[in-house]
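Student: Predicted structure and sequence below. I'll ask about it afterward.
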Amino acid sequence: MSAWLELALAMGLFMLSHRIPAALGIKHSLVSGLGPRGYTAVFSIGSLALLWWVILAAGRAPHLPLWDQAHWHRWAVNLAMPLAIVLGSFGTAAPNPFAFEGRATGFDPDRPGIAGLTRQPLLWALALWSGAHLLANGDLAHLIVFGPFVALSLAGMPIVEARRRKAMGRAQWQAMTARTSLVPAAALLSGHWRPKALPSWRRLAIAGLIWAGLWHLHAPLIGVWPAT
């Protein structure tokens, strides 16, 4: 199998894995059989395994440079990743009816939590992760890998928001989003939102553990040390 064919196969399977369960109508059956948490766990493990293959395949593909790597490019990754991990950790399963990763229940418009910072924390995390890694690599194979993630995350934000706005109705949407923003920290800077509590220490601890794990496992699993 040529390196380019392997990369195409890995990317294709990764993308299809996110469409096949819903397209074939088996997602509901899997959720019923495994339970919501069980399905999420199995799906997440499978997705991470396929993503690991995608990244390894990109590393094995012929190196066709598109731009030179500057020293600050690698520092951009080191700075972006903690932010991405914090956004993902605080956004997943948080009360946030505006995002696909959030919970529809428990949301208080006067205390919006992570939605006060941004209504789409996981998509911003994905954009930070993929954009920083694309910048730091700068070759054709990694453009093929990270470019679609950048495009899908940025394009997905208005799509998700439009669907949720349509489902809620204009009046409810305006009332629910009064103290939130799509652009990170826009509601904070404009004065529409002020945090009324300290961040969850549990979610901060989870973010710290994820960051430490990724830092130490990056070289053994990916083959590149995430340092200067």
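Tutor: Yes, it's here. Residues are numbered from 1 along each chain as shown.
Student: what's near enough to touch L128?
Tutor: By Cβ atoms under 8 Å, 6 or more residues apart in numbering, the residues touching L128 are A80, M81, L83, A84, L87. In this view, the C-beta of every residue, glycine as well, is placed from N, C-alpha and C.
Student: swap in M157?
Tutor: By Cβ under 8 Å, 6+ apart, M157 lies in contact with Q120, L123, W124, L182.
Student: can I get those in a markdown table with secondary structure?
Tutor: Listed next are these as a markdown table, based on DSSP: H, G, I helix; E, B strand; the rest coil:
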| residue | secondary structure |
| --- | --- |
| Q120 | coil |
| L123 | helix |
| W124 | helix |
| L182 | coil |
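Student: Tell me the one among those residues nearest to Q172.
Tutor: Distance to Q172, by Cβ to Cβ, is smallest for L182 among these, at 17.0 Å.
Student: Give me the nearest residue to that closest one, chain neighbours excluded.
Tutor: Sequence neighbours aside, R119 is the residue nearest to L182 in space, at 5.4 Å (criterion: Cβ to Cβ, 6 or more residues apart in numbering).
Student: Distance check, L51 against W201.
Tutor: Look at L51 and W201: by Cβ to Cβ, to the nearest Å, they are 29 Å apart.
Student: of the two, who's got more company?
Tutor: Ranked by neighbour count (other Cβ atoms under 10 Å), L51 and W201 place L51 first, with 16 against 8.
Student: was I right about the more buried one contacting F14?
Tutor: Yes. If you go by Cβ atoms under 8 Å, L51 and F14 touch, sitting 6.2 Å apart.
Student: picking up where we left off before, need the buried ones from the contacts of L128 selected in ChimeraX.
Tutor: Buried residues within the contacts of L128, by 16 or more other Cβ atoms under 10 Å, are selected in ChimeraX with:
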select :80,81,83,84,87
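Student: and which of the contacts of L128 is nearest V224?
Tutor: In terms of Cβ to Cβ, no member of those lies closer to V224 than M81, at 13.2 Å.
Student: okay, and for this structure, where does confidence drop off?
Tutor: By pLDDT under 70, the low-scoring segments of the chain are 1, 22-24, 227-228.
Student: if we can go back for a sec, so how many other residues sit close to the residue nearest to L182?
Tutor: Neighbours of R119 (other Cβ under 10 Å): 28.
Student: what's the answer for V31, then?
Tutor: 16.
Student: Now do the SS call for the residue nearest to it when sequence neighbours are not counted.
Tutor: Leaving aside its sequence neighbours, V31 sits nearest to Y39 (Cβ to Cβ, 6+ apart; 4.6 Å). Taking three-state DSSP as the rule, one finds Y39 in the helix state.
Student: distance of Y39 from G102?
Tutor: 17 Å.
Student: Over to G91?
Tutor: Distance from G91 to G102, by Cβ to Cβ: 7 Å.
Student: Spit out the residues that contact these two alike.
Tutor: Common contacts of G91 and G102 (Cβ under 8 Å, 6+ apart): I114.
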